[in-house]
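Student: No sequence on hand, only this structure:
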Ligand SMILES: NC(=O)C1=CN([C@@H]2O[C@H](COP(=O)(O)OP(=O)(O)OC[C@H]3O[C@@H](n4cnc5c(N)ncnc54)[C@H](OP(=O)(O)O)[C@@H]3O)[C@@H](O)[C@H]2O)C=CC1
Ligand SMILES: O=C(O)CCC(=O)C(=O)O
């Protein structure tokens, strides 16, 4: 993280910002700011050399008033109790923002999977799945991929759960490989919603995407697919980065070729389409039309925000801006389109996967992408309607107003709250 900002406090501040445009009592708002429960556990796992290593692991179930808890599992050395609490809260408001019938959850294991063999990662994952077993289920809590996890890990969790439960229940987890019940289009879904949000944002602001220059921070699942699909809209991707640094070409380059290079070498460094290599901070403050943070929380703090030159930021990552950055960018008239809308494609196609799993009836990719487009464009309309109706200070606040109203309505109308 770039500074000392606690992501859980950022989430609470975002809810407080929206409260100014809602007529709820402080008691109601307080209910919205804390997780219902957090599993904190340790996994003791045998390594390939016979030694035993202990890993900290978490699953936060933030709010289940709109449906089962839903959200990814992250493997990263930065994982902490407060990080999963924040990420699970963001899932609640994301699912409400795009109006899919889920609450929010999130989990993680504090380790860097790249330092371990595939068989060690499998044992760590299966050990976590055993800890998760009493909490998860297709009507209780449905995990999915996040940073450093994907189809492989989801398949292991499904297999462990189904073996222990002596059942077949593919809807217990989403983001699986298609052969294990995964949905067409899930791998690309997060980047696709970033592209759809970008397209709608440029249209709403009266800007031409075909003339836009684009920088993307983070070139994993979310960032690389977003870059590729925004490139397809006619925009010019001029800089991308990963944890090793950024590559830049002022004339632009093929986003797919950059991903191929990363897949082949493990890093963007040395990408032949670039004319220079830059630091990550240089990428964030480049003179581009569109900036897409697609790595981790707190990438842009107040200091960096003062130097951002992009006119539009579309958040592919969860929580990439600190609250101070939000204030600075709002004062500087930089339009920020929030994570809980822009990256909601992942959980939306996870929802479609869960529906398909429960019906044992699978859709073509075209249907998945059409339904996703409908969900994201409808949520975008809800956002701008509320932004204009409330005169909210920024798009994030307006999106939270929409989402919080839906969560409170579910709790009150459903008789969940006395
Ligand atoms: N996967 C999904 O479906 C969804 C993901 N998200 C969010 O999107 C973000 C990225 O997730 P995802 O793409 O899945 O994760 P990945 O693990 O696939 O990719 C993460 C990328 O971020 C890069 N990165 C890490 N630290 C830095 C840094 N300091 N500067 C620049 N790049 C950095 C990594 O670099 P390197 O490759 O060198 O490690 C990697 O390229 C997260 O916030 C996640 O929560 C949100 C919704 C759904
Ligand atoms: O696909 C999902 O269920 C959740 C994805 C996720 O973790 C996220 O949106 O941050």
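Tutor: In hand now; what should we look at? Since the model is a prediction, treat every value here as computed from it, not as a measurement. Ligands and ions are numbered 1, 2, ... in the order given.
Student: Whatever residue of the stretch 301-418 of the chain ends up closest to ligand 2: what's it in contact with?
Tutor: Closest residue of the stretch 301-418 of the chain to ligand 2, Cβ to the nearest ligand atom: residue 350 (3.3 Å). To be clear about C-beta, it is placed using only N, CA and C from the backbone, and glycine gets the same treatment. Going by Cβ atoms under 8 Å, 6 or more residues apart in numbering, residue 350 touches 70, 142, 144, 174, 175, 183, 186, 189.
Student: mind giving me CSV with those residues and columns for pLDDT, distance to ligand 2 and neighbour count?
Tutor: Shown next, in CSV, are the contacts of residue 350 (pLDDT from 0 to 100; distance: Cβ to the nearest ligand atom, whole Å; neighbours: other Cβ atoms under 10 Å):
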residue, pLDDT, distance to ligand 2, neighbour count
70, 98, 5, 29
142, 98, 7, 26
144, 98, 3, 26
174, 98, 5, 29
175, 98, 6, 29
183, 98, 10, 24
186, 98, 8, 27
189, 98, 8, 28
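Student: Present those residues as JSON lines; the columns should include secondary structure.
Tutor: Putting the contacts of residue 350 into JSON lines (DSSP: H, G, I helix; E, B strand; the rest coil) gives the following:
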{"residue": "70", "secondary structure": "strand"}
{"residue": "142", "secondary structure": "strand"}
{"residue": "144", "secondary structure": "strand"}
{"residue": "174", "secondary structure": "coil"}
{"residue": "175", "secondary structure": "coil"}
{"residue": "183", "secondary structure": "coil"}
{"residue": "186", "secondary structure": "helix"}
{"residue": "189", "secondary structure": "helix"}
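Student: biggest separation within the residues you listed, which pair?
Tutor: Farthest-apart pair in the contacts of residue 350 is 142 and 189; separation 15.1 Å (Cβ to Cβ).
Student: Over to the closest residue to ligand 2 within the stretch 1-150 of the chain: give its phi and psi.
Tutor: The nearest approach of the stretch 1-150 of the chain to ligand 2 comes at residue 72, 2.6 Å away (Cβ to the nearest ligand atom). Torsion angles at residue 72 (phi, psi; degrees, to the nearest 10) stand at phi -80, psi 180.
Student: ok, and what's touching stretch 190-207?
Tutor: 185, 208-209, 212, 221-230, 232-233, 289-290, 292, 294, 311-312, 314, 316, 335, 337, 341-346, 348, 369, 372-373, 376-377, 380, 384.
Student: Can I have the buried ones of those residues as a PyMOL selection?
Tutor: Here is the PyMOL command that selects the buried residues among the contacts of stretch 190-207 (16 or more other Cβ atoms under 10 Å):
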select buried, resi 185+209+212+221+222+223+224+225+226+227+228+229+230+289+290+292+294+311+312+314+316+335+337+341+342+343+344+345+346+348+369+372+373+376+380
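Student: Return only those of the contacts of stretch 190-207 found close to ligand 1.
Tutor: 221, 222, 223, 294, 316, 343, 346 (Cβ under 6 Å from any ligand atom).
Student: ok, of those residues, which one's closest to residue 89?
Tutor: residue 343 (14.7 Å).
Student: what sits against that closest one?
Tutor: Contacts of residue 343 by Cβ under 8 Å, 6+ apart are 94, 190, 193, 194, 222, 315, 316, 317, 318.
Student: And residue 71, by the same measure?
Tutor: 87, 88, 91, 104, 105, 106, 107, 143, 144, 146, 347.
Student: which element is it on?
Tutor: Per DSSP states H and E, residue 71 falls inside strand 69-75.
Student: Near ligand 2, which residues of the stretch 201-350 of the chain? Just list them.
Tutor: 318, 343, 346, 347, 350.
Student: so what are the domain limits for the protein?
Tutor: 35-171, 189-342 (automatic domain parsing).
Student: So which of those is nearest residue 392?
Tutor: Minimum separation from residue 392 across the domains of the chain (Cβ to Cβ) falls at domain 189-342, 10.1 Å.
Student: and the contacts of residue 71, which two are the farthest apart?
Tutor: Taking Cβ to Cβ as the measure, the contacts of residue 71 span a maximum distance of 14.2 Å, between 107 and 347.
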